[in-house]
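Trainee: Using only what follows, build the 3D model:
(one chain, ligands or ions: 1)
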Amino acid sequence: MDSNPDTQTTPTVFLVGAGPGDSDLLTVKAMRLIQSAEVVVYDRLVSEEILELVPVGASRIFVGKKSGQHHMPQSDINELLVKLGHAGRRTVRLKGGDPLVFGRGSEEAQRLDEAGVAFEIIPGISAAIGAGAYAGIPLTHRGLASSVRFVTGHCREDQPLELDWRSLSDPDTTLVIYMGLANINQIAEKLVAAGLSATTPAAAVEQGTTSVQRRHITTLEKLPQDIATHNFVAPTLLIIGRVVAVAGTMDWFKTGADEVQDDALVAAQ
Ligand code: SAH
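Mentor: Numbers count the residues shown, from 1 in each chain. Okay, here's the model as predicted:
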């Protein structure tokens, strides 16, 4: 709404999706904006390769979480963007994947709108799309999955995960779980309890699309144990559904990272 008398007309803040990691997966628009930024505000998931595109004279502001330290609270990030916008600094707010998929980009956009700062939103390739393609897992496939759901496996501290397990346990739906590592035991248990077959194919993809991508294919019931055994760490995406079984026939992306044995594929041979 343009009720604010100071509302800008020329955008100064750009909420930009940086994609899942491989810098070649940036959009042309994202690249152009990064290369002409005066300030870049970024978080942990933005790769070094992409940060190298930031002009030498531009300010880089890291607002992500460093190990052991707290990240900047969302409200402070919002206010920082408002301040930069009001100052007329050409600001790129870079986020991993897509800014509006579990990225809190909409909260930033709402605050900018409220403060009269003109902004644009540049979509990015979300981890589900990027890691799916590079892991050789189609999110839909005729006869195997007719829909996809992007689910967060993260909950606030000390809170149980509040997901609609019955609706998630549909065998015709591919589940893509973001931020699922910490709660994978609970997720697998609840899905099976709600009726999803324990032998449903499942995959973990760590650092998807990058040169250190690791992929492990297993079943829903074995997923929690396998994740622990193979020591998967963030960022890891979990994909659960019959489509995962297709992975063996679409395995085009090879990395130098440790090969993780694909139990289900091996068993199927
Ligand atoms: N906005 C981002 C998601 C942010 S939530 C997007 O659209 O992709 C952070 C979670 O995304 C991570 O915990 C992980 O589950 C997933 N993720 C992001 N990048 C990833 C990658 N390269 N490989 C695997 N998972 C990734």
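Trainee: list the helices and strands the longest helix along the chain packs on?
Mentor: The longest helix of the chain (DSSP state H) is helix 74-86. Packed against helix 74-86 by the contact rule (3 or more CB pairs under 8 Å, 6 or more residues apart in numbering; DSSP states H and E) you find strand 13-17, strand 39-42, strand 91-95, helix 105-114. For the C-beta atoms, the positions are set from N, CA and C on the backbone; glycine is no exception.
Trainee: Tell me what residue 92 is bridged to.
Mentor: Residues in a beta bridge with residue 92, per DSSP bridges, are residue 14, residue 40.
Trainee: I'd assumed residue 35 was in contact with it.
Mentor: No. Applying CB atoms under 8 Å as the test, residue 92 and residue 35 come out as separate, 9.5 Å apart.
Trainee: Between those two, which is the more surrounded one?
Mentor: Legend: neighbour count by other CB atoms under 10 Å for residue 92 and residue 35, higher for residue 92 (23 against 12).
Trainee: which of the residues in the longest helix of the chain are buried?
Mentor: Residues 77, 78, 80, 81, 82, 84, 85, 86 are the ones in helix 74-86 that count as buried (16 or more other CB atoms under 10 Å).
Trainee: Quick one: closest of the helices and strands packed on helix 74-86 to the ligand.
Mentor: The ligand lies closest to strand 91-95 among these, at 5.7 Å (CB to the nearest ligand atom).
Trainee: Off-centre distance for the closest one?
Mentor: Distance, stretch centre to chain centre, for strand 91-95: 15 Å (CA atoms, centre = their mean, to the nearest Å).
Trainee: Who are the packing partners of it?
Mentor: Looks like strand 91-95 contacts strand 13-17, helix 28-35, strand 39-42, helix 74-86, helix 105-114 (3+ CB pairs under 8 Å, 6+ apart).
Trainee: hmm, try it at 6 Å
Mentor: Taking 3 or more CB pairs under 6 Å, 6 or more residues apart in numbering; DSSP states H and E as contact, the helices and strands that strand 91-95 lies on are strand 13-17, strand 39-42.
Trainee: Export those strands to TSV and append columns for mean neighbour count and distance to the ligand.
Mentor: Shown next, in TSV, are the helices and strands packed on strand 91-95 (neighbours: other CB atoms under 10 Å; distance: least, CB to the nearest ligand atom, whole Å):
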stretch	mean neighbour count	distance to the ligand
strand 13-17	27	7
strand 39-42	23	12
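Trainee: and those strands as JSON lines, adding distance to residue 225 and mean pLDDT?
Mentor: Compiled in JSON lines, those are given as follows (distance: least, CB to CB, whole Å; pLDDT from 0 to 100):
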{"stretch": "strand 13-17", "distance to residue 225": "34", "mean pLDDT": "98"}
{"stretch": "strand 39-42", "distance to residue 225": "35", "mean pLDDT": "97"}
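Trainee: got a pLDDT number for residue 262?
Mentor: Looking at residue 262, its pLDDT is 61.
Trainee: neighbours of residue 125, just the number please.
Mentor: For residue 125, the count of nearby residues is 23 (other CB under 10 Å).
Trainee: show me the contacts for it.
Mentor: 19, 20, 25 (CB atoms under 6 Å, 6 or more residues apart in numbering).
Trainee: Which single one of these is nearest to the ligand?
Mentor: residue 20 (4.0 Å).
Trainee: which residue sits closest to that closest one, ignoring its sequence neighbours?
Mentor: residue 130 (3.3 Å; CB to CB, 6 or more residues apart in numbering).
Trainee: How many residues are close by that neighbour?
Mentor: By other CB under 10 Å, 25 other residues sit near residue 130.
Trainee: roughly how far apart are it and residue 84?
Mentor: Going from residue 130 to residue 84 by CB to CB, to the nearest Å gives 28 Å.
Trainee: now do residue 76
Mentor: Per CB to CB, residue 76 is found 13 Å from residue 84.
Trainee: Contacts only, for the residue lying closest to residue 16 once chain neighbours are set aside.
Mentor: Nearest residue to residue 16 in three dimensions, chain neighbours excluded: residue 122, at 4.5 Å (CB to CB, 6+ apart). Shown in contact with residue 122 (CB under 6 Å, 6+ apart): 16, 29, 30.
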